[in-house]
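# with the sequence up front, the predicted model follows.
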Number of protein chains: 4
Amino acid sequence: MNNKQVLNKRQRIINGAIAVFSRKGFYKATIEEIAEQADVGKGTVYEYFSSKKELFQEMFLYTEEKYEEMFHRGLSDAVMFQDKLQKMFQITMRFLNCHKEMAQILLAGYPPVAEDIQKVLIGKNQQNITKISKILEEAITRQEIRPVDTGAAAKVILGTLFFVGGQVLFSEDEKESGFNLLAQNVVDIILQGLLLT
Amino acid sequence: MNNKQVLNKRQRIINGAIAVFSRKGFYKATIEEIAEQADVGKGTVYEYFSSKKELFQEMFLYTEEKYEEMFHRGLSDAVMFQDKLQKMFQITMRFLNCHKEMAQILLAGYPPVAEDIQKVLIGKNQQNITKISKILEEAITRQEIRPVDTGAAAKVILGTLFFVGGQVLFSEDEKESGFNLLAQNVVDIILQGLLLT
Amino acid sequence: MNNKQVLNKRQRIINGAIAVFSRKGFYKATIEEIAEQADVGKGTVYEYFSSKKELFQEMFLYTEEKYEEMFHRGLSDAVMFQDKLQKMFQITMRFLNCHKEMAQILLAGYPPVAEDIQKVLIGKNQQNITKISKILEEAITRQEIRPVDTGAAAKVILGTLFFVGGQVLFSEDEKESGFNLLAQNVVDIILQGLLLT
Amino acid sequence: MNNKQVLNKRQRIINGAIAVFSRKGFYKATIEEIAEQADVGKGTVYEYFSSKKELFQEMFLYTEEKYEEMFHRGLSDAVMFQDKLQKMFQITMRFLNCHKEMAQILLAGYPPVAEDIQKVLIGKNQQNITKISKILEEAITRQEIRPVDTGAAAKVILGTLFFVGGQVLFSEDEKESGFNLLAQNVVDIILQGLLLT
DNA sequence: CATGAATGAGCGTTCATTCAT
DNA sequence: CATGAATGAACGCTCATTCAT
C-alpha cells in the first residue's frame, strides 16, 4: 500500500504537470499551481522531481509513451499499408481529441524552452521519422507502394499528421465525424497524390 | 529626416527583437538585450511598443509579411501547379536557410506563449490554408490536378512544408543541394502519391 | 542494553553534527546530512534534540568538554608556570591538529549564528579567562611571574592561543614540528616580552 | 550631481549591509532587510551588487579599508615601537567601540560562510601578520626590542588584539577609560613579558 | 522508539515596466 | 523624444520541522 501511495503521488504530480504545462506552457506554469492541481505541497514536487525542467521532461516522456502505446496497439492488426496509414491518422486524431491537454505538448514541435529540453524534442522527432520510414520500407518491399525516398515520405506523413493534429486541437467544433472525414481525405491525398492520372 | 529617424529606430528594435526572440525564445529574451541589440535605450523600446508581448506580435507580423512577400514574388512567374508547388518548397527552404533567426519564430507553430499571442498564430495559419486552397482550386479548375478536398490538400502541403522546414532549421549540415533534393522528393510524393499505379 | 543503545544513538548524532557543522558551518549544514552521517533517520535527530540550534549547542558543549578534559589532563603534572604555559600551547596545537573538525567550531570565536548561541560562546570565553586567570594568580603567589593584571594576561594568552590555533588550522602544511617551534616562540615572547633587558 | 546620487545609493546599501550583516550574520541577514535599511527597493541592491555574497565581500573590504586608514593615520606619528604598540591597541579599541557594527564583521575571523569568502578573510589575516612583522623587524633593527621570531610575535600581538577586541565588543559596559586601562595592561605584558627579571 | 514522506514558510534573484531627468 | 536607474511582484527552490505509520 505504501508503494501504491508513492506511485499515486508521483502520478498525481505528473497529471498536474500535464494539466498546467499544456494550459500555460513551460514558463507561465508555476510549480505552486502544479502542486495545487496535484493536491500536494509545493515541496513535495521536489521530492519526486529535482527541478521544474526535469518535471517537464519526465511528463513529456510519459505523454509520448502513452501516445506510442496507443499508436502501436492501434497499428498492430493492420496489415496493408493503406490500413496502417489510415489508422495512424485515426488514432492520432482520437488521441488528440481525448487528451487535448497532453496533445498540445506533443504538438508544440519546437517550443522555445531551454535548449536541453529542445534537444529531447528534436531527438523524439528523429525517432518518429525512423519509425515511419521503416513502415514505408516494408511496404515498398511488399510492393504495396512506389519505391519512393522513404525519409521524404515519412516527413510528408508526419508533417501532415502534426499539422492536422494542431488544427483539430485548436478548432472549436470537436465532432469526431469531422475529424474522420478530414483524416480520410488527407490519407487519400498522400496515397494517390494530387495529379490526374 | 526626423520621421526617417523614427522609422529607423522602430525598425532597429524589430530587428533586435527578431535576433533575440529567435535565439532565446519569448520568455528567455529580455527587453534589455533587445534594446542593446538595437542600440537604443531600454526605455525607448516602450516608446514604440507598449509591452514585450506587443513587440513580439509586431515582430511576428513583420516576419510573416517578409516571408509572404518573398513567397508571392517567387510564385508570380510560375503558371503550372507543379511549378508552383516546387517553388513553394524551394522558396521556403531558401528563406529558412537565409533567415534562420526569423524562421524559428514562423515555425513554432503552437508555441506555449500567452494565449492571445497564440490566437494570432492560429489565425495566421488559417489564412495560409485559405491561400493554398485557392491555388489548389485554381489548379483543379484548370484540370491540372484531381478534384480533391482542397482544405485537406492544403493541410498536407502546409504540414509538410512546416515539418520539413523544421528539419532543415535544426539540422546541423546546411547544404542547399541537400535541401533541394529533399524538396524535390517531397513534392514528388505530394504530387504522385505513394501508391503504385 | 536498551539504555546503552540510546546513548549510542545520541552520541552518533553528536559525532555526525561535529563532522557536518565543522565542514559546512551552521547554516550550510543540514539535519538530513547529519542524520545520514550518524546513520539514523532524519526524524530520530528530533527525538534527542529539539532543534538544529539545540543540537549545535549540545555539540559545542560536548566539544568544549573534550578539549577541557585533555587540557586538564595535560596540565596536571606541570608544576612550574612556564611548563604549564608551554603545555597549554602544545596541547592545544595537538588537539587542533588531531580534531580539525571540532577545532573549527571552538575557534569560530564569534560566529554570526543566532544570538542565543552567541551568548553561550561568549560565556564559555569568560570561563576560559577566569580559568587562566586563576593559574596566573597562583603563579604570582608563588612568585614565578610578575604581579601583572591577571585578566589582561589571560587575554594575551587566550588571544594568542586562538589566533595561532586558527593559523594552524587553516594552514596547508601540517607538520607537528612546525607547530611546536611556533608554540615555543610564542610562549617565549609571552614569558620574556619583547623589550631588550 | 548624478554621479553623487549614484555614490550615495551604493554607499547607502553598503551601510545597510554593515548594519544588517553585523546584527544578524551572513545567513540570517536578508537582502530585503538590507534594502529597507538603505531605503531602496530590493531590486536596486542588484543594480549595484551582483549577489548577496558579492555585497558581503564588498562591504567587508570597505570596512577593512576604513579600519586600515584609521590604523595608518594613528600610527603615523608614533616613532618608538612602544608607542606604536600602544597606539595599535588604543586605535583598535576606539574603532571597535565607535563602529561596533563593522567591528563584529572584522572580528568574526573564521565565520562559517561560503568558502570563497573565507579565503578572502584568511588572506586579509595573512596581510595583517606581514604588516606587523615588518614593524617588528624595523624595531629589531633599531634595537628597540629583542631579536625575536617576528612571525610569532606578530601572532601574539594580533591574537591579543582580536581577542581583547572581541571582549570589548561584547561587553555591556562601554567606558573608554576601562578600555584604555586594559589596552595599557595588555601592552605592558606583551612588552615586558610575564617573568620576574 | 524510529522513521522519512510531506509540508510550506522564507529567501535570493530576475526582469517587465515606470518615470524623473 | 530618449534614457536607464529604480522598483517590486513573482517564482524556483531549500530545508527545518512534523506526524502518521
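Nice, I can see it. Because the structure is a prediction, the values reported are computed rather than measured. Residues are numbered from 1 along each chain as shown, chains lettered A, B, ... in the order given.
# walk me through the domains of chain A.
A:1-49, A:57-192 (automatic domain parsing).
# closest to B:Gly166 out of these?
domain A:57-192 (5.8 Å; Cβ to Cβ). In this view, the C-beta of every residue, glycine as well, is placed from N, C-alpha and C.
# the closest one and DNA strand F, any residue contact?
No: shown here: domain A:57-192 not in contact with DNA strand F (Cβ under 7 Å from any atom of the strand), separated by at least 10.3 Å.
# do that domain and DNA strand E meet?
No: on the criterion Cβ under 7 Å from any atom of the strand, domain A:57-192 is out of touch with DNA strand E, staying 11.7 Å away.
# do the same with stretch A:36-47
Yes: counting by Cβ under 7 Å from any atom of the strand, DNA strand E is contacted by stretch A:36-47 at A:40-44, A:46-47.
# for chain C, what is the nearest residue in chain A?
For chain A, the residue closest to chain C is A:Glu47, as judged by Cβ to the nearest Cβ, at 12.2 Å.
# which other residues reach the strand or helix carrying that residue?
Element membership for A:Glu47, per DSSP states H and E: helix A:42-48. Residues from elsewhere that reach helix A:42-48 (Cβ atoms under 8 Å, 6 or more residues apart in numbering or on different chains): A:9-10, A:13, A:31-32, A:34-35, A:38, A:55.
# try it again with 7 Å
With contact meaning Cβ atoms under 7 Å, 6 or more residues apart in numbering or on different chains, helix A:42-48 is reached by A:10, A:13, A:31-32, A:34-35, A:55.
# and that helix, what's buried?
Judged by neighbour count using 16 or more other Cβ atoms under 10 Å in any protein chain shown, the buried positions of helix A:42-48 are A:44-45, A:48.
# got the confidence number for the residue of chain A closest to chain C?
With respect to pLDDT, A:Glu47 scores 95.
# mind picking out the helix or strand in chain A with the poorest mean pLDDT?
The least trusted helix or strand in chain A, going by mean pLDDT, DSSP states H and E, turns out to be helix A:100-107, with a mean of 66.
# next secondary structure after it?
helix A:115-141.
# related to what we said a few turns ago, how about the domains of chain A in a markdown table, adding distance to C:Gln126?
Listed next are the domains of chain A as a markdown table, based on distance: least, Cβ to Cβ, whole Å:
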| stretch | distance to C:Gln126 |
| --- | --- |
| domain A:1-49 | 42 |
| domain A:57-192 | 55 |
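# pick out the shakiest of those, pLDDT-wise.
Among the domains of chain A, domain A:57-192 carries the lowest mean pLDDT, a mean of 82.
# residues near A:Val186, how many?
By the criterion of other Cβ atoms under 10 Å in any protein chain shown, A:Val186 has 27 neighbours.
# hmm, it is touching B:Ile157, no?
No: counting by Cβ atoms under 7 Å, A:Val186 sits too far from B:Ile157 to count as a contact (10.7 Å).
# for A:Ser76, grab phi and psi.
Dihedral pair for A:Ser76: phi -60, psi -30, per degrees, to the nearest 10.
# next one: A:Ile145
Here A:Ile145 shows phi and psi, under degrees, to the nearest 10, equal to phi -130, psi 170.
# repeat for the one 10 residues further on
The phi and psi torsions at A:Lys155 (degrees, to the nearest 10) take the values phi -70, psi -40.
# and the gap between it and DNA strand E?
Computed with Cβ to the nearest atom of the strand, to the nearest Å, the distance linking A:Lys155 and DNA strand E is 35 Å.
# wait, what's in contact with that residue?
A:Lys155 makes contacts with A:129, B:160, B:163-164, B:167, B:186, as judged by Cβ under 7 Å, 6+ apart.
# cutoff 10 Å now
A:125, A:128-129, A:132-133, A:149, B:159-160, B:163-164, B:166-167, B:182, B:185-186, B:189 (Cβ atoms under 10 Å, 6 or more residues apart in numbering or on different chains).
# thanks a lot, catch you later.
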